[in-house]
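Trainee: no sequence for this one, just the structure:
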């Protein structure tokens, strides 16, 4: 099927697709999926129904009619203090690859509008399950419910739709056929009829993460589907459920549309599955890999999975430079919120905060380094002072490794704000920690702060000058990777220098954030998440490069009689 040939599901969702295309061109605000859990949008009983659907999955076998061994796997444990007890079908890579290979031809032959239409229908069905997915994200990642609903639901769906829009934007540029004539002077023209077939790469492997399984997993999944590839979804062992629900929806839509549901399959595993993943990632049948996770694992994929096109988002050292401010309290509140949001377990959360040791300029005069550091620490402590409110911001720590890292980091420097354990009012066993803020010095501690300390751990670092702060920010982003960079300054020349540092470091820059927008937030259709220009990620979510190499074009041509008649 060519890009020109239609499909009922493409027609059904074409209006949404056209709006998405306009949004990626204008880069303004747009979303078809409400981020507010409003009964008016999702239905009066949607929240209760979603929570009930989530609870009904606990301590049960998760039904999924795909090739399996007959055994089950699964060891998820809610960061809020209880085991999920869900068992998933155990499948082998051999069986899923064989099933995907068999499903590939019919899916490829359906053509671009079928791929796009089916992808958009899957998204619509997923949106209707936003509450169920929200609770599943909450109890696998530790996000508080509002974040789990928004980031795991509508915002993840936005990112999926963005990938689909970019895919269609590239696919629609390729005509199904063309008539070619080359003038030959007085002789008849040379004429060829050419046909262009869009050929998907093959089978994609989506490797999910344990903190944002849908937000980070959906772009690759839907970019693969929308360009005609089959997909094996391999969730992190600690966060299987959100992607298992997603795969079940995808399979239902594919089956209803007349396709082999094995276009999308789930590879659920028990913990410590690294050897299996490495073996699968190097299989010759795996042509695309999307990964979010540690630098070590992402770099291994980039260096070893040579047969596949590999897209990675890895760790980074996100940084803030404070030069001068109009309102220190407003800046400190904004920074503190960014440090506390989901306990710093966001790939965009700040870690290093550079402040000149001689202080910063304000309308009231110069404020000493110690006072700036104290303002940030006090703002962080204030956020954690009311546990009932704090837990809705902090959420829970996803795994014990993060709590151990907090204990390790506490020894690195002078503690400005210590990490505290909070009791969750609704979940007695929840793993809740407030942020740890330490003081370091650029002159002697660079070996400490050039490493990513994932979790609620940050450093206020004394530098010789704003110039040194910007040099550190640009150099560390370029050498060690970063996804966000923020600057506070009332000086246009400093902002210009910060912009240059962000370009040198290949990292997105935010300037003077003091209100309701925070450095760790990224808006689909407007913000490019990651740049691919530093070691933290080799791709951006999303741009044309994220989708264009997921398919190839194979042409055929035949000599025909010319249409033009020479004069």
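Mentor: Okay, I see it. All of these numbers come straight from a predicted model, not from anything done at the bench.

Trainee: Any regions of the protein where pLDDT drops low?
Mentor: 1-5, 564-567 (pLDDT under 70).

Trainee: Recalculate using a threshold of 90.
Mentor: Residues of the chain that meet the criterion pLDDT under 90 lie in 1-6, 274, 315, 563-567.

Trainee: in stretch 279-286, what's buried?
Mentor: 280, 281, 283, 285, 286 (16 or more other C-beta atoms under 10 Å). C-beta coordinates here come from the backbone N, C-alpha and C atoms, glycine included.

Trainee: Distance-wise, check the last one relative to residue 307.
Mentor: What that stands for is residue 286. From residue 286 across to residue 307, the span is 7 Å (C-beta to C-beta, to the nearest Å).

Trainee: Could you do the fourth one as well?
Mentor: Relative to residue 307, residue 285 is positioned 9 Å away (criterion: C-beta to C-beta).

Trainee: Also the second one?
Mentor: Applying C-beta to C-beta, one obtains 9 Å for the distance of residue 281 from residue 307.

Trainee: try the first one
Mentor: Residue 280 sits 12 Å away from residue 307, taking C-beta to C-beta as the criterion.

Trainee: and for those two, which residues touch both?
Mentor: Common contacts of residue 280 and residue 307 (C-beta atoms under 8 Å, 6 or more residues apart in numbering): residue 286.

Trainee: quick one: contacts for the nearest residue to residue 395 once chain neighbours are set aside?
Mentor: Take residue 395 and drop its neighbours on the chain: the residue closest to it by C-beta to C-beta, 6 or more residues apart in numbering is residue 144, 4.2 Å away. Neighbour list for residue 144: 138, 342, 391, 392, 393, 394, 395 [criterion: C-beta under 8 Å, 6+ apart].

Trainee: Please identify which of the residues you listed is nearest to residue 420.
Mentor: Nearest to residue 420 among the contacts of residue 144: residue 394, at 10.3 Å, using C-beta to C-beta.

Trainee: which residues does that closest one contact?
Mentor: Residue 394 neighbours (C-beta under 8 Å, 6+ apart): 144, 340, 342, 343, 384, 422, 432, 433, 434, 456.

Trainee: Of those residues, just say which sits nearest to residue 90.
Mentor: Out of those, the member with the shortest distance to residue 90 (by C-beta to C-beta) is residue 342, at 31.1 Å.

Trainee: Show the subsequent helix or strand relative to the host helix or strand of residue 18.
Mentor: According to DSSP states H and E, residue 18 maps onto helix 8-26. Heading C-terminal from helix 8-26, the first helix or strand you meet, by DSSP H and E, is helix 39-42.

Trainee: ranges for the strands of the stretch 201-350 of the chain?
Mentor: Assigned by DSSP state E, counting those that start in this stretch, the stretch 201-350 of the chain shows strands spanning 203-207, 230-234, 264-266, 286-292, 309-313, 319-322.

Trainee: In this structure residue 214 contacts residue 134, no?
Mentor: No: Residue 214 is beyond contact range of residue 134, at 9.6 Å (criterion: C-beta atoms under 8 Å).

Trainee: Just want the angle from the helix or strand that residue 109 is a member of to strand 230-234.
Mentor: Using DSSP H and E, residue 109 sits within helix 93-110. In terms of direction (axes from the mean of the first three to the mean of the last three C-alpha atoms, to 10 degrees), helix 93-110 departs from strand 230-234 by 140 degrees.

Trainee: Centre of the chain to helix 93-110, how far?
Mentor: Remark: helix 93-110 is offset 26 Å from the chain centroid, using C-alpha atoms, centre = their mean, to the nearest Å.

Trainee: If you count neighbours, what's buried in it?
Mentor: In helix 93-110, counting by 16+ other C-beta under 10 Å, buried: 93, 95, 96, 97, 99, 100, 103, 104, 107, 108, 110.

Trainee: Residues contacting it, please?
Mentor: 1, 7, 66-69, 115, 199-200, 202-203, 228-232, 259-263, 265, 267, 276, 279-280, 283, 285-286.

Trainee: Could you identify the helix or strand that succeeds that helix?
Mentor: By DSSP H and E, the next helix or strand past helix 93-110 is helix 112-128.

Trainee: Which strands and helices lie in contact with that following helix?
Mentor: helix 8-26, helix 154-171, helix 213-226, helix 241-256 (3 or more C-beta pairs under 8 Å, 6 or more residues apart in numbering; DSSP states H and E).

Trainee: Could you find the closest non-adjacent residue to the residue nearest the centre of the chain?
Mentor: With distances taken as C-alpha atoms, centre = their mean, residue 216 lies nearest the centre of the chain, 2.7 Å away. Spatially, and ignoring its direct neighbours in sequence, residue 216 is nearest to residue 292 (4.0 Å; C-beta to C-beta, 6+ apart).

Trainee: And for that neighbour, the neighbour number?
Mentor: For residue 292, the neighbour count with other C-beta atoms under 10 Å is 27.

Trainee: How much space separates it from residue 76?
Mentor: Distance of residue 292 to residue 76, computed by C-beta to C-beta: 18 Å.

Trainee: Please check the contacts of helix 93-110 and keep the buried ones.
Mentor: Using 16+ other C-beta under 10 Å as the burial test, those include 1, 7, 66-68, 115, 200, 202-203, 228-232, 259-263, 265, 267, 280, 283, 285-286 as buried.

Trainee: Next, the angle helix 213-226 makes with the helix holding residue 109.
Mentor: 50 degrees.

Trainee: Run through the bridge partners of residue 177.
Mentor: residue 195 (DSSP bridges).

Trainee: what does residue 199 give?
Mentor: For residue 199, the beta-bridge partners are residue 552 (DSSP bridges).

Trainee: shouldn't it be in contact with residue 556?
Mentor: No: the pair residue 199 / residue 556 is not scored as a contact, 11.9 Å apart, by C-beta under 8 Å.

Trainee: Taking the buried residues of stretch 279-286, tell me the two that lie furthest apart.
Mentor: Between all members of the buried residues of stretch 279-286, the farthest pair (by C-beta to C-beta) comes out as 281 and 285, at 11.1 Å.

Trainee: related to what we said a few turns ago, please enumerate the shared neighbours of residue 214 and residue 134.
Mentor: With C-beta under 8 Å, 6+ apart, residue 214 and residue 134 have common neighbours 152, 153.

Trainee: check contacts around the spatially closest residue to residue 257 that is not a sequence neighbour.
Mentor: Residue nearest to residue 257 in three dimensions, not counting chain neighbours: residue 118, with 5.4 Å by C-beta to C-beta, 6+ apart. Contacts for residue 118 (C-beta under 8 Å, 6+ apart) come out as 7, 9, 225, 253, 254, 257, 259.
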